[in-house]
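Would you be able to build a 3D model of this:
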Amino acid sequence: MIQKIWFTLVWCYIKIGLFFYSKKITVLGKNNIPKKGAVLFAVNHPNGLVDPLYVTTTNSRQNHFLVRAASFKNPFIKKILASLYLMPIYRIRDGIKQLSNNEEIFNKCHQILHKGETLMIFPEGSHDKKRTIRPLSKGFTRIVSGALEKYKNLEITVIPVGITYQHPSHFPAKVTVNYGKPILTRKIFEENTSPKAINILKEKVSNQLQELSVHIPDDENYAGILQKLTAAQVNFTEVSAVNKMIKSNSFSEKKTLKKNYLKPLYYLIILNSIFPYLIWKQALKKIDEIEFIDTFRFSLNLFLFSFFYFLQGSIVGYFYGTLVGVFYITLSALLVVMYVKFAPTNALEHKEFTEASKKA
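Prediction:
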């Protein structure tokens, strides 16, 4: 009970943080999520640890997560992650000896599903900002088949989830979370041999993910298609429309870039948040993977902005009265919301997409 209360409090805090961090969060297919019973969310993985945050805060189920074992190296961080229902999954790169630890994790997953709870897993196995659905690993199918074999009356529903960002690592974030059609797994495994059932399940999930997120086939034409989409200045979070453009090889649509008249507001926010901003700029220099920029920026600033705005508000309140202090904190938050939600970002997005397409 205490862990559930703790998880709910953190969930609410993160959801509020994502509201301030994101220009727009579009959620599609939410009605596809069963209100009860065992569910495995199979999610694509373009953008580090913010991916599970967007998924878990856009559905009402209390999720358990499988994330890469490297995140659990620090003992203190390990305890925090475990308290939030995160579990490590080991890969060959973590060491062959470590792979045996997955048996214990899989058993925990079987128990979670047996209780009618939910599990979130990233079957691509790693994050990658490329706009393509990569081959899926067999890990999630092993969890499903193992639980079905162990508990004969259990039904597990797999929900593919596609996440598409206008641009991973860009602030403010613009993202679509797209919940796919339920896949009932017991019938698949009862009517087919295990190897065939595994391939059928993988294919069903992969096919849906290619429709639920922007998917550019990862072949010799990938860079060229990405450049054409960039030149057309598409809104990547309009997933269906962009996928139709890719399939039809039609990229002529182009929108006029808007001037950012709220740019002065941006500098005012930076001035008012100078300490969190300077700390973030130093932390940014140490991030090697672009897929982790959003992860560190969001998590770091979620705490830094809360702390410094509260501290600055307390100082203002001490000298000018509590009401003035509360007004200062409220106004500071409103300024951030105004810029995040209403400032046009397409000019910056176009520049960053062009650079990204050149590197692809």
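
if I look at the residue nearest to the spatial centre of the chain, how far off is N243?
Computing the C-alpha centroid of the chain and ranking residues by CA atoms, centre = their mean puts D51 first, at 1.2 Å. Distance, D51 to N243, using CB to CB, to the nearest Å: 19 Å. Every C-beta, even on glycine, is put in place using the N, C-alpha and C of the backbone.

where in the chain is pLDDT low?
Scanning the chain for pLDDT under 70 picks out 70, 92-97, 253-257, 345-360.

what about the top helix by length along it, distance to the chain center?
Secondary structure assigned by DSSP state H gives helix 293-320 as the longest helix of the chain. Per CA atoms, centre = their mean, to the nearest Å, the displacement of helix 293-320 from the mean C-alpha position of its chain is 23 Å.

Over to stretch 34-54?
Between the mean C-alpha position of stretch 34-54 and that of its chain there is a distance of 8 Å (CA atoms, centre = their mean).

where along this protein do the strands fall?
Taking DSSP state E, the strands of the chain run over residues 22-28, 38-43, 63-68, 86-89, 118-121, 156-165, 173-179, 183-184.

Out of these, the one nearest F310 is which?
If you check each of the strands of the chain against F310 by CB to CB, strand 22-28 wins as the nearest, at 21.9 Å.

Give me the buried positions along that closest one.
Of the residues in strand 22-28, S22, K23, I25, L28 count as buried by neighbour count, 16 or more other CB atoms under 10 Å.

likewise stretch 132-146?
Within stretch 132-146, the residues scored as buried using 16+ other CB under 10 Å are T132, I133, R134, L136, S137, G139, F140, T141, I143, V144, S145, G146.

just stretch 73-88 next, same as before
By neighbour count, with 16+ other CB under 10 Å as the criterion, the buried positions of stretch 73-88 are L81, L84, Y85, L86, M87, P88.

One more: stretch 37-44?
Going by neighbour count (16+ other CB under 10 Å), the buried part of stretch 37-44 is A38, V39, L40, F41, A42, V43, N44.

contacting residues around the last one?
If you count contacts by CB atoms under 8 Å, 6 or more residues apart in numbering, N44 has them with D51, F122, E124, I133, V161, G162, I163, L209, L212, S213.

Now, those residues that are in helices?
Counting by DSSP H, the members of the contacts of N44 that fall within helices are D51, L209, L212.

show me the contacts for the second one.
With contacts defined as CB under 8 Å, 6+ apart, the neighbours of L209 are A42, N44, I133, P160, G162, G180, H215.

Next: V214.
R131, T164, F236, V239, V242, N243, I246.

for V234, same thing?
When contacts are taken as CB under 8 Å, 6+ apart, V234 is in contact with A241, V242, M245, F251, E253.

go on, Y277?
Residues touching Y277, when contacts are defined by CB under 8 Å, 6+ apart, comprise I270.

Equivalent analysis for D218, please.
K130, T132, R134.

Please identify which of the residues you listed is nearest to I290.
I290 lies nearest to K130 out of the contacts of D218, by CB to CB, at 10.9 Å.
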